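[1] Make a model of this:
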Amino acid sequence: MSELFPAVQLESFDNEGVRIVYRRVGEGPPLLLLHGFPQTHAMWHRVAPLLASHFELVMPDLRGYGDSARPASRPDHEPYSKRAMAADVSALMRSLGHRQYFVCGHDRGGRVAHRLALDHAGDVLRLLLLDISPTLTMYERTTMEFARLYYHWFFLIQPEPLPETLIGADPSFYLRTKLGAWGSSGTDHFDVRALAEYQRCFTPAAIHAMCEDYRASASIDLEHDRADQARRIACPLHILWGERGVIERLFAPLSDWQAKAADVVTGRPLRCGHYIAEELPDQLAAEALAFLKRT
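    Numbers count the residues shown, from 1 in each chain. Below you'll find the model as predicted:
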């Protein structure tokens, strides 16, 4: 994958026995970029060159994804809770000397970023979320249409080893079908090198870890979110979503996040599908600069 990030070395950090790999590039205030399912930090390869002259970018693979560690699962799914994932990236940023920083999270990474902004509130200066409404909100508003369009939310949470076995029968087919379903042009907007990287990392162990991520979201994460309903995101929040996607069709992201944040929430839809960073990298970079550089 080095050709996606020329001259940017892959580094690693150990958080209480969990190895987190990441890339770091650029100069300026720190910006943590968190990827989504079923991807890795490779999803930022088109945006990173546009932002690296303004920020020091830190791009990890979340635990369970990419080349990061896959801790053993537990019946309560705690090792794959968003609280555990947020603790990983908080510890990573502190190890790099960053006590405060900006955060941008897409998809699952956005859910980790939400938990980071609650559990480590003083660390997050500004929060940019891509194509999500809050997890608890989305589960509580589940309809037949949502279950059909986001069937994976309900498939991946089934008890082990049902989804792992079915996906494992043809993992490449599942991966490409899932990636192609949420974009605005199938998989045409993906760089073939990025697709190859996602496929390289879609191993049996990673598939299990991703299922555990979703099982956590439907169990322990909801417990944490319900317990924290009175807590609000303290930092400025900006939300972007694809106008051709499920979030635009079935949810109200601005008002959904206004209910969770203490500060003014801004945002708007973009003319794309789910994969904003790979479909509209220039527009995403412009939005990020306008929001994160705002005084």
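[2] Can you pull out the low-pLDDT segments for the protein?
    For the chain, applying pLDDT under 70 flags the ranges 1, 183-185, 295.
[3] How are the strands of it distributed by residue range?
    Ranges of strands in the chain, per DSSP state E, are 10-15, 18-25, 30-34, 56-60, 101-106, 124-130, 237-242, 265-270.
[4] Tell me the spacing between the residue nearest to the spatial centre of the chain and residue 132.
    By CA atoms, centre = their mean, the mean C-alpha position of the chain lies nearest to residue 109, the distance being 1.7 Å. Distance of residue 109 to residue 132, given as CB to CB, to the nearest Å: 9 Å. In short, each C-beta sits where N, CA and C put it, glycine included.
[5] What is the neighbour count of residue 173?
    10 (other CB atoms under 10 Å).
[6] ok so, going back, how many neighbouring residues does the nearest residue to the residue nearest to the centre of the chain once chain neighbours are set aside have?
    Among residues not flanking residue 109 along the chain, residue 34 sits closest, at 2.9 Å (CB to CB, 6 or more residues apart in numbering). Residue 34 has 29 neighbours, counted by other CB under 10 Å.
[7] same check, this time on residue 266
    17.
[8] Name the residues linked to the residue lying closest to it once chain neighbours are set aside by a beta bridge.
    Nearest residue to residue 266, sequence neighbours excluded (CB to CB, 6+ apart): residue 238, at 5.1 Å. Beta-bridge pairing for residue 238 (DSSP bridges): residue 128, residue 266.
[9] how deep is residue 238 tucked in, by neighbour count?
    The burial count for residue 238: 22, using other CB under 10 Å.
[10] Cross-check the contact I'm expecting between it and residue 113.
    No - counting by CB atoms under 8 Å, residue 238 does not reach residue 113; the two are 11.7 Å apart.
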